[in-house]
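**Q** Based on what follows, work out the 3D shape:
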Amino acid sequence: MGQQGESDADPIARAVTILSEILAREPDGTQLVISRSRGGSPELSFARPRDPRRKVVTIRSVAEAAGVSIGTVSNVLNGSVRVAEETRDRVTRAVEALGFERNVAARQLGAHRAQAS
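**A** A predicted model of the protein is given here:
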(Lines give C-alpha, C1' and ligand atoms only; values in the text may rest on other atoms or scores of the structure.)
Protein backbone atom coordinates (compact mmCIF):
# COMPACT_ATOMS: atom_id res chain seq x y z
CA MET A 1 0.00 0.00 0.00
CA GLY A 2 2.96 2.31 0.65
CA GLN A 3 4.07 2.16 -2.96
CA GLN A 4 0.53 2.63 -4.25
CA GLY A 5 0.13 5.82 -2.19
CA GLU A 6 3.51 7.17 -3.39
CA SER A 7 2.70 6.67 -7.07
CA ASP A 8 -0.74 8.23 -6.63
CA ALA A 9 0.83 11.24 -4.95
CA ASP A 10 2.94 12.14 -7.97
CA PRO A 11 1.66 10.57 -11.20
CA ILE A 12 3.95 12.75 -13.31
CA ALA A 13 7.03 11.42 -11.54
CA ARG A 14 5.75 7.87 -12.06
CA ALA A 15 5.14 8.53 -15.77
CA VAL A 16 8.62 10.01 -16.15
CA THR A 17 10.14 6.96 -14.45
CA ILE A 18 8.26 4.55 -16.72
CA LEU A 19 9.14 6.49 -19.89
CA SER A 20 12.78 6.74 -18.83
CA GLU A 21 12.93 2.97 -18.32
CA ILE A 22 11.43 2.39 -21.76
CA LEU A 23 13.83 4.82 -23.43
CA ALA A 24 16.82 3.26 -21.68
CA ARG A 25 16.20 0.24 -23.91
CA GLU A 26 16.16 2.31 -27.13
CA PRO A 27 19.26 1.63 -29.24
CA ASP A 28 19.35 5.10 -30.82
CA GLY A 29 19.85 6.92 -27.51
CA THR A 30 16.50 8.71 -27.50
CA GLN A 31 16.13 10.68 -24.30
CA LEU A 32 13.18 12.06 -22.36
CA VAL A 33 13.27 15.84 -22.01
CA ILE A 34 11.24 17.50 -19.29
CA SER A 35 10.62 21.23 -19.39
CA ARG A 36 8.19 23.58 -17.72
CA SER A 37 5.99 25.95 -19.67
CA ARG A 38 5.27 29.47 -18.47
CA GLY A 39 2.20 28.20 -16.67
CA GLY A 40 4.41 25.89 -14.66
CA SER A 41 3.04 22.60 -15.96
CA PRO A 42 5.65 20.07 -17.09
CA GLU A 43 5.98 19.20 -20.74
CA LEU A 44 7.49 15.93 -21.89
CA SER A 45 9.20 15.50 -25.23
CA PHE A 46 11.70 13.13 -26.80
CA ALA A 47 15.08 14.00 -28.21
CA ARG A 48 17.58 11.98 -30.20
CA PRO A 49 21.20 12.92 -29.76
CA ARG A 50 22.83 14.36 -32.85
CA ASP A 51 25.47 12.20 -34.47
CA PRO A 52 28.67 14.28 -34.13
CA ARG A 53 30.00 12.70 -37.33
CA ARG A 54 27.05 13.98 -39.33
CA LYS A 55 27.60 17.41 -40.81
CA VAL A 56 24.67 19.79 -40.57
CA VAL A 57 23.31 20.59 -44.00
CA THR A 58 22.33 24.24 -44.25
CA ILE A 59 20.31 26.17 -46.78
CA ARG A 60 23.62 27.75 -47.82
CA SER A 61 25.17 24.35 -48.63
CA VAL A 62 22.09 23.43 -50.68
CA ALA A 63 22.39 26.73 -52.57
CA GLU A 64 26.07 26.10 -53.32
CA ALA A 65 25.39 22.54 -54.50
CA ALA A 66 22.57 23.69 -56.77
CA GLY A 67 24.43 26.75 -58.02
CA VAL A 68 21.72 29.19 -56.92
CA SER A 69 21.21 31.83 -54.26
CA ILE A 70 19.98 31.17 -50.73
CA GLY A 71 16.82 33.11 -51.59
CA THR A 72 16.10 30.78 -54.50
CA VAL A 73 16.46 27.73 -52.24
CA SER A 74 14.12 29.39 -49.75
CA ASN A 75 11.59 30.08 -52.52
CA VAL A 76 11.70 26.45 -53.64
CA LEU A 77 11.33 25.11 -50.09
CA ASN A 78 8.38 27.43 -49.44
CA GLY A 79 6.65 26.51 -52.69
CA SER A 80 6.97 29.84 -54.48
CA VAL A 81 5.89 29.79 -58.13
CA ARG A 82 8.52 32.41 -58.98
CA VAL A 83 11.21 29.78 -59.63
CA ALA A 84 11.82 28.23 -63.05
CA GLU A 85 11.07 24.51 -63.27
CA GLU A 86 14.66 23.61 -64.21
CA THR A 87 16.00 25.55 -61.22
CA ARG A 88 13.39 23.99 -58.94
CA ASP A 89 14.53 20.54 -60.09
CA ARG A 90 18.21 21.37 -59.41
CA VAL A 91 17.40 22.60 -55.91
CA THR A 92 15.18 19.60 -55.18
CA ARG A 93 17.92 17.21 -56.30
CA ALA A 94 20.47 19.03 -54.11
CA VAL A 95 18.11 18.88 -51.09
CA GLU A 96 17.67 15.13 -51.57
CA ALA A 97 21.34 14.43 -52.28
CA LEU A 98 22.57 16.35 -49.23
CA GLY A 99 19.80 15.13 -46.94
CA PHE A 100 18.68 18.63 -46.03
CA GLU A 101 16.11 18.79 -43.23
CA ARG A 102 14.41 21.97 -42.14
CA ASN A 103 15.40 23.22 -38.71
CA VAL A 104 12.07 23.65 -36.95
CA ALA A 105 13.55 25.73 -34.13
CA ALA A 106 15.21 28.14 -36.56
CA ARG A 107 12.00 28.40 -38.55
CA GLN A 108 10.02 29.24 -35.41
CA LEU A 109 12.58 31.87 -34.43
CA GLY A 110 12.25 33.45 -37.87
CA ALA A 111 8.47 33.44 -37.65
CA HIS A 112 8.62 34.98 -34.17
CA ARG A 113 10.98 37.70 -35.39
CA ALA A 114 8.62 38.51 -38.25
CA GLN A 115 5.66 38.80 -35.87
CA ALA A 116 7.57 41.01 -33.43
CA SER A 117 8.38 43.63 -36.09
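
**Q** From the contact counts, what lies against the helix or strand hosting Ala94?
**A** Per DSSP states H and E, Ala94 falls inside helix 85-98. On a contact count with 3 or more Cβ pairs under 8 Å, 6 or more residues apart in numbering; DSSP states H and E, helix 85-98 meets helix 59-66, helix 70-77. For every residue, glycine as well, the C-beta is placed using N, CA and C.

**Q** In a markdown table: those helices, plus mean pLDDT.
**A** Formatted as a markdown table, the helices and strands packed on helix 85-98 follow (pLDDT from 0 to 100):
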| stretch | mean pLDDT |
| --- | --- |
| helix 59-66 | 94 |
| helix 70-77 | 94 |
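
**Q** which one of those lies closest to Leu109?
**A** Nearest of those to Leu109, taken as Cβ to Cβ: helix 59-66 at 14.0 Å.

**Q** for this protein, which spans come out with low pLDDT?
**A** Residue ranges of the chain with pLDDT under 70: 1-9, 23, 25-52, 54, 110-117.

**Q** Go again with 80.
**A** Filtered on pLDDT under 80, the chain yields the residue ranges 1-13, 15-16, 18-55, 103-117.

**Q** per the record, what domains does it have?
**A** With domains defined by automatic domain parsing, the chain comprises 2-47, 59-116.

**Q** ok, Ser61 to Phe100 distance?
**A** Distance, Ser61 to Phe100, by Cβ to Cβ, to the nearest Å: 8 Å.

**Q** out of those two, which sits in the busier spot?
**A** Higher neighbour count among Ser61 and Phe100: Phe100, with 19 against 15, using other Cβ atoms under 10 Å.
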